[in-house]
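[1] sequence first, predicted model second:
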Amino acid sequence: MNEKYYIDVGKATDIKNRKEKMIYRGFEILPGFLAWSTLLAMVFLSWFRPVWVALFMIGFCVYWLLRTIYFSSCLTAAFRKMNKNLSIDWQKKTKRIYGWEDVYHLVIFVMYKEGLGLVRESFQATINSEYPKEKMFVVLAIEERAGEEARQVAKKIEQEFGNKFSKFLITSHPKDISGELAGKGSNETWAGRRAKEKIIDPLKIPYENVIVSCFDIDTQVYPKYFFCLTHHYFNSANPLRTSFQPIPLYLNNVDEAPFFSRVVSSCNVFWQMIQQQRPEKIVTYSSHSMSFNALVEMDFWQTNVVSEDAGVFWKAFLFYDGDYEIIPLHYPISQDSCVASTLKQTVINQYKQQRRWAWGSEAIPYLLFGFLKNKKMPFMKKFHYEFLLIEGCWAWATNALLILFLGWLPIILGGEEFRSTMLSYSLSTLTGNIMKVALLGVIVFVIINSLLIRSRPFCWPKKKNLFMLTQWLFLPISLIIFGAIPAIDAQTRLMLGKYMGFHVTEKARKKN
């Protein structure tokens with residue numbers, strides 16, 4: 001058996017050894033168990049020990065006040081740094097580096113059933129980028145199961161853009177490959193292997209000279225992205241063991257997105273920007289870049305997981321015994337907000353997209369099992385990352401409910417004896433005032449969101465400008481409907497062994 005077979009485990013059923021399978025199942029139960037234990041304990045203790053819960057809620061609200069202040073400062077700093085990086089002449093800076101011209105970019109666009117107009121916009125943005133096209137290899141990775149329409153879109157893209165890059169390759173990922181989960185990870189792995197076989201190896205290019213950017217098909221790069229990436233690649237301490245994470249801005253179709261979709265997308269943007277200021281906590285997300293050498297050494301992406309974007313970082317982290325990192329670029333790319341053909345379908349797709357992202361809790365058993373098997377990694381490094389992951393998944397499922405609803409339970413369930421105390425009288429007032437101050441942090445979000453939207457090349461009507469501000473009143477409801485509930489849904493499914501498949505989010509465009 002391969003010494004590091006555990007890096008390719010996607011779920012408990014992938015493990016043949018009965019004892020190890022039971023251990024992995026126990027780890028899969030953990031995220032849902034912690035979430036449900038917290039919620040049920042709040043209900044039970046609000047009746048049995050209301051004073052404990054009241055004191056906990058006061059402390060929790062103070063914690064969130066401090067957390068909001070911290071997050072607001074991180075967001076502001078990240079926004080300023082992103083604007084600064086947008087103004088830098090990365091081409092000039094990079095061309096001062098000896099050997100930069102030896103670097104090639106392999107760009108993999110992963111496609112399912114998206115329309116021609118959307119795909120064309122992404123390719124046009126790549127063409128408009130400043131990096132020499134003779135140093136760029138582009139792969140359009142389609143799915144066999146997507147049918148003839150997807151193949152026709154790929155052919156039209158090849159006719160229009162195929163001769164504008166050094167190499168252009170269309171790959172078609174076969175359906176029903178044994179052991180694979182139909183999704184982005186298996187598609188991009190198929191594409192990466194074909195690119196190695198048909199482009200990189202025939203040209204005899206050293207793997208360390210190739211940077212791979214795996215993009216969702218709606219990803220539009222900003223003009224200096226590849227020069228910015230190349231500069232960071234050369235200036236990283238160990239580029240062969242580093243991923244590079246841009247900031248995703250969901251601005252491609254923001255003028256078409258319904259208000260709730262814009263709020264959800266903006267919250268995700270803010271979180272990613274905050275994480276750029278905390279490189280010790282960031283993981284790869286959506287569209288990102290890394291060394292082709294690392295991909296080949298660890299045999300590409302995982303093909304049997306839903307959360308392949310973060311999964312590739314965790315796989316590399318275990319493969320290299322913890323000697324792997326992520327460098328935040330503080331430089332943006334632009335993607336689509338969730339928009340479907342109908343409003344009802346947009347709501348459904350938004351929920352399913354959030355649930356798929358929340359399925360990232362599958363990384364908890366993956367890491368715990370990997371840490372158990374990997375004896376070379378320092379214990380404190382293991383503890384650091386597993387704590388961050390467990391705390392993040394727990395907070396996603398519980399914190400919005402704790403703040404917005406469950407804090408009232410001691411007053412409702414605590415009985416007359418508790419309701420007659422000064423603590424009961426002060427609880428709602430004190431926690432309410434603390435959270436009102438904390439909500440002032442939303443003002444920072446609104447301002448930055450407005451500045452981001454104004455950077456797009458269209459003009460809002462004045463009435464819509466006002467609506468763009470009032471949409472943030474939906475934030476508390478959004479945190480529940482498109483935050484806590486899909487997270488609980490995903491973690492409960494994992495706890496019960498009801499494994500999810502990869503839900504492809506529809507990307508509809510009215511203008512396309």
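    Structure received. Residues are numbered from 1 along each chain as shown.
[2] wait, a strand at Met290?
    Yes - membership of Met290 in a strand is supported by DSSP: H, G, I helix; E, B strand; the rest coil.
[3] okay, and the beta partners of the residue nearest to it when sequence neighbours are not counted?
    Excluding the flanking residues, the one nearest Met290 by C-beta to C-beta, 6 or more residues apart in numbering is Ser243, at 4.3 Å. (Glycine included, C-beta is placed from N, CA and C.) Going by DSSP bridges, Ser243 is paired in beta bridges with Met290, Ile326.
[4] can you tell me the helix or strand for Pro248?
    Element membership for Pro248 (DSSP states H and E) is strand 242-249.
[5] residue ranges with poor pLDDT in the protein?
    1-2, 455-468, 510-512 (pLDDT under 70).
[6] please repeat the previous calculation with a cut-off of 80.
    Scanning the chain for pLDDT under 80 picks out the ranges 1-3, 405-408, 417, 425-442, 453-470, 508-512.
[7] list the buried residues for the longest helix anywhere in the chain?
    Scanning the chain for the longest helix, with DSSP state H as the assignment, gives helix 50-87. Under the neighbour-count criterion of 16 or more other C-beta atoms under 10 Å, helix 50-87 has 50, 53-54, 56-58, 60-61, 64-65, 68, 71-72, 74-76, 78-79, 81-82, 85-86 buried.
[8] from what I can see the residue nearest to Met290 touches Ser287, true?
    No - between Ser243 and Ser287 there is no contact under C-beta atoms under 8 Å: 11.4 Å.
[9] part of a helix, is Val504?
    No - going by three-state DSSP, the assignment for Val504 is coil, not a helix.
[10] so what's the residue count around it?
    Using other C-beta atoms under 10 Å, Val504 is surrounded by 19 other residues.
[11] nearest residue to it in space, please, no chain neighbours.
    Tyr112 (4.8 Å).
[12] tell me the SS of that neighbour?
    Quick answer, by three-state DSSP: Tyr112 is coil.
[13] report the contact partners of it.
    Ile142, Glu143, Ala146, Ala150, Ile217, Val504 (C-beta atoms under 8 Å, 6 or more residues apart in numbering).
[14] just curious, which of those is nearest to Ile412?
    Val504 (42.1 Å; C-beta to C-beta).
[15] that closest one and Lys113 touch, don't they?
    Yes - using C-beta under 8 Å, Val504 is in contact with Lys113, at 7.4 Å.
[16] ok, now how distant is the nearest residue to Tyr320 once chain neighbours are set aside from Phe313?
    Spatial nearest neighbour of Tyr320, excluding adjacent residues (C-beta to C-beta, 6+ apart): Arg241 at 5.6 Å. Separation of Arg241 from Phe313 (C-beta to C-beta, to the nearest Å): 11 Å.
[17] list residues touching both of the two?
    The contact lists of Arg241 and Phe313 share Tyr324, where a contact means C-beta under 8 Å, 6+ apart.
[18] show me which residues of the helix or strand hosting Ser46 are buried.
    Assessed by DSSP H and E, Ser46 sits inside helix 18-48. Residues 20-21, 23-25, 27-32, 34-36, 38-39, 42, 45-46 are the ones in helix 18-48 that count as buried (16+ other C-beta under 10 Å).
[19] would you mind getting the angle between that helix and helix 50-87?
    Helix 18-48 and helix 50-87 are oriented at 120 degrees to each other (axes from the mean of the first three to the mean of the last three C-alpha atoms, to 10 degrees).
[20] what about Pro279, how many residues nearby?
    Pro279: 12 neighbours (other C-beta under 10 Å).
[21] I'd guess Ile333 is in a helix, am I close?
    No - under three-state DSSP, Ile333 sits outside any helix and is assigned strand.
[22] what's across from it in the sheet?
    Val221, Pro248.
[23] mind listing what it touches?
    Phe215, Thr219, Gln220, Val221, Tyr222, Tyr225, Pro246, Ile247, Pro248, Leu249, Ser287.
[24] out of these, who has the most neighbours?
    Pro246 (28 neighbours).
[25] the protein: strands as residue ranges?
    104-110, 136-143, 167-173, 210-216, 220-221, 242-249, 288-291, 325-334 (DSSP state E).
[26] from the chain's centre, how far out does the fifth one sit?
    In other words, strand 220-221. 17 Å (C-alpha atoms, centre = their mean, to the nearest Å).
[27] show me what that strand is in contact with.
    Against strand 220-221 from outside (C-beta under 8 Å, 6+ apart): Glu121, Ser122, Ala125, Thr126, Ser129, Phe215, Asn252, Ile333, Ser334, Gln335.
[28] please indicate which of the residues you listed are buried?
    Among the contacts of strand 220-221, those scoring as buried are Glu121, Ser122, Ala125, Thr126, Ser129, Phe215, Asn252, Ile333, Ser334, Gln335 (criterion: 16+ other C-beta under 10 Å).
[29] need the contacts of Ile333 in CSV with distance to Asp201, can you?
    Shown next, in CSV, are the contacts of Ile333 (distance: C-beta to C-beta, whole Å):
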residue, distance to Asp201
Phe215, 23
Thr219, 26
Gln220, 30
Val221, 26
Tyr222, 31
Tyr225, 26
Pro246, 28
Ile247, 33
Pro248, 32
Leu249, 36
Ser287, 25
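[30] looking at those, spot the one nearest Thr492.
    Of these, the one sitting nearest to Thr492 (C-beta to C-beta) turns out to be Pro248, at 27.5 Å.
[31] Leu329 is in contact with the closest one, correct?
    No - contact between Pro248 and Leu329 fails when scored by C-beta under 8 Å: they sit 11.2 Å apart.
[32] which strands and helices sit next to the longest helix of the chain?
    helix 18-48, helix 259-276, strand 325-334, helix 379-404, helix 409-413, helix 415-419, helix 422-438, helix 441-454 (3 or more C-beta pairs under 8 Å, 6 or more residues apart in numbering; DSSP states H and E).
[33] isn't Pro31 up against Thr492?
    No - look at Pro31 against Thr492 with C-beta under 8 Å: they stay out of range, at 9.1 Å.
[34] gap between the residue nearest to Thr398 when sequence neighbours are not counted and Ala358?
    In space, and not counting its chain neighbours, Thr398 is closest to Thr38: 4.9 Å by C-beta to C-beta, 6+ apart. The spacing between Thr38 and Ala358, counted by C-beta to C-beta, is 16 Å.
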